[in-house]
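S.K.: Okay, sequence plus prediction incoming.
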Amino acid sequence: MKRVRVRLGSNSYEVHIGSGILEQTGQRLKENWFTGNLVIITNPIVKGLYGDALNQNLTRDGFSVVTLEVPDGEEQKSLEVAGRLYNELTNAYAERTTPILALGGGVIGDLAGFVAATYLRGVPLIQIPTTLLAQVDSSIGGKVAIDHGQLKNKIGAFYQPKLVITDIATLKTLDTKTLIDGLAEVIKYAVIQDKELLTYIEDNLDKIKSLDESVLEEIVFRSAKIKAGIVEKDEKDLGLRAILNYGHTVGHAIESASDFKLEHGKAVAIGMLAAAKISNRMGILAKNELLRLNRLIQSAGLPTKLPNLEVTKIIQTIKHDKKILRGKIRFVLPKSIGSVFITDEVSLSLVEQILVDWNEET
Ligand code: NAD
Ligand code: GLY
């Protein structure tokens, strides 16, 4: 079992990463001084796979457990569903000290986290992420949110969990598509800060795809360490934390221009390549590094070709992106693999040119 400490003064916490550690949740909660009542928020898929067993284990360990279920899917990240959960928490006599355990992927983590941040002005939150994306990204750093209208994560808070329990064994039941989607974020960490991680992914791609636990544990641990280090320096996303948006400027635009038919990880993969191409065109990123990234994204099973979308629609969507600051587009560009910088100096015409030229080069 590995631990990553997120050092945020009185809001500090640990991320516990290991295989089979879900069974020891009760013991870990007791070590963190939790006793008595607790609430699990999950969805029917994850409840069937892990929630019922977790409930039984915690009951055996002396906790009084209520499980609240929301249906599967992004559309559950809504004020309406949060409102229903507030009622259910009230009916379950949840108090200020009653922890909420968010058991599931990023949707459950964001929604249950939002509810934990706002119910009774905040109750303790324990993140128990069960997708690769949630394990390497959304469970760490305290961003909790619901969607509003067409806008993703529009209403939310920074609300750090008290503990993150990351059981690698839960990834065994993930479908390949969801696993590969999460892998895009791991590649993102490698490009922004860890060249050795990129080599590790290249060398172990088959083991990642065949769900080798020790390899998965290593990539989750290294990613969690990178995310924790960035969040420690910029908890409220006022500067450095923006580097976590590498691949997301063009990525979000493509995801949104496709009416969210293209999965997030695939859109981010294209976005990472777009930023790398821009950097290369500006004379910064070397061509061999761009080609290396392209090869890895392709062999990971992520797309390297632009989806069939109108370039003007993508450009319009970039203009409306929340990463635009005072009229300038904010880009995170790789200098080299393992190092990025933030810039407002990328013109929309260069982005457009890169998108128009896309399928003819690389
Ligand atoms: P998700 O939560 O929808 O999970 C994907 C699918 O996998 C779902 O059908 C889910 O039920 C299922 N699932 C979960 N764990 C499983 C398991 N162990 N075995 C089998 N199936 C399992 O999607 P996601 O990719 O985990 O998260 C996406 C969400 O995360 C988005 O809403 C996004 O906005 C959010 N997000 C938040 C942050 C943050 O910092 N808070 C960062 C990145 C993404
Ligand atoms: N996922 C981006 C962030 O946590 O800032």
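M.R.: Nice, I can see it. Ligands and ions are numbered 1, 2, ... in the order given.

S.K.: What does the residue of the stretch 51-200 of the chain found nearest ligand 2 show for phi and psi?
M.R.: Across the stretch 51-200 of the chain, the shortest distance to ligand 2 (CB to the nearest ligand atom) belongs to Gly141, at 4.3 Å. In short, each C-beta sits where N, CA and C put it, glycine included. Backbone torsions for Gly141, taken as degrees, to the nearest 10, come to phi 110, psi -10.

S.K.: now the helices for the stretch 51-200 of the chain?
M.R.: Read by DSSP state H, counting those that start in this stretch, the stretch 51-200 of the chain holds these helices, from start to end of the chain: 52-60, 79-91, 106-118, 132-133, 176-193, 195-209.

S.K.: Would you mind naming what in the chain lies close to ligand 2?
M.R.: Residues of the chain lying close to ligand 2 by CB under 6 Å from any ligand atom are 137, 141, 143, 237, 241, 244.

S.K.: The fourth one - how many residues pack around it?
M.R.: Applying other CB atoms under 10 Å, we find 16 other residues in the vicinity of Asp237.

S.K.: Tell me the secondary structure of it, please.
M.R.: Classification of Asp237 using DSSP: H, G, I helix; E, B strand; the rest coil returns coil.

S.K.: ok, now the last one?
M.R.: Here Leu244 takes the helix state, with states given by three-state DSSP.

S.K.: can you pull the pLDDT of it?
M.R.: At Leu244, the predicted lDDT confidence score is 98.

S.K.: Please verify my assumption that it contacts Val191.
M.R.: No. The criterion here is CB atoms under 8 Å, and Leu244 misses it with Val191 at 11.3 Å.

S.K.: Of those two, give the one with the bigger neighbour count.
M.R.: Of the pair Leu244 and Val191, Val191 is the one with more neighbours under other CB under 10 Å, namely 27 against 22.

S.K.: Verify the contact between the more buried one and Gly338 for me.
M.R.: Yes. In this structure, Val191 sits in contact with Gly338. The criterion is CB under 8 Å, and the distance is 7.1 Å.

S.K.: quick one: common contacting residues for the two?
M.R.: Shared between the contact lists of Val191 and Gly338 (criterion: CB atoms under 8 Å, 6 or more residues apart in numbering) are residues Leu198.

S.K.: coming back round to it: can you tell me which of the helices of the stretch 51-200 of the chain is nearest to Met272?
M.R.: In terms of CB to CB, the element of the helices of the stretch 51-200 of the chain nearest to Met272 is helix 176-193, at 6.3 Å.

S.K.: what distance separates the closest one from the middle of the whole chain?
M.R.: Between the centre of helix 176-193 and the centre of its host chain there is 9 Å, according to CA atoms, centre = their mean, to the nearest Å.

S.K.: Let me know whether that helix sits next to ligand 1.
M.R.: Yes. Counting by CB under 6 Å from any ligand atom, ligand 1 has neighbours in helix 176-193: 178, 181.

S.K.: Keeping just the C-alphas, turn that helix into PDB.
M.R.: As requested, C-alpha coordinates have been extracted for helix 176-193 and formatted as PDB (Å, rounded to 0.1, in the frame of the first residue of the first chain):
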ATOM      1  CA  THR A 176     -11.700  -1.000 -21.700                       C
ATOM      2  CA  LYS A 177     -13.200   2.200 -23.100                       C
ATOM      3  CA  THR A 178     -13.500   3.700 -19.600                       C
ATOM      4  CA  LEU A 179     -10.000   2.500 -18.600                       C
ATOM      5  CA  ILE A 180      -8.500   4.100 -21.800                       C
ATOM      6  CA  ASP A 181     -10.400   7.300 -21.200                       C
ATOM      7  CA  GLY A 182      -8.700   7.600 -17.800                       C
ATOM      8  CA  LEU A 183      -5.300   6.700 -19.300                       C
ATOM      9  CA  ALA A 184      -5.500  10.000 -21.300                       C
ATOM     10  CA  GLU A 185      -5.200  11.800 -18.000                       C
ATOM     11  CA  VAL A 186      -2.200   9.700 -16.900                       C
ATOM     12  CA  ILE A 187      -0.500  10.600 -20.200                       C
ATOM     13  CA  LYS A 188      -1.400  14.200 -19.400                       C
ATOM     14  CA  TYR A 189       0.500  14.000 -16.100                       C
ATOM     15  CA  ALA A 190       3.500  12.500 -17.800                       C
ATOM     16  CA  VAL A 191       3.700  15.300 -20.400                       C
ATOM     17  CA  ILE A 192       3.200  18.100 -17.900                       C
ATOM     18  CA  GLN A 193       5.700  16.900 -15.300                       C
END
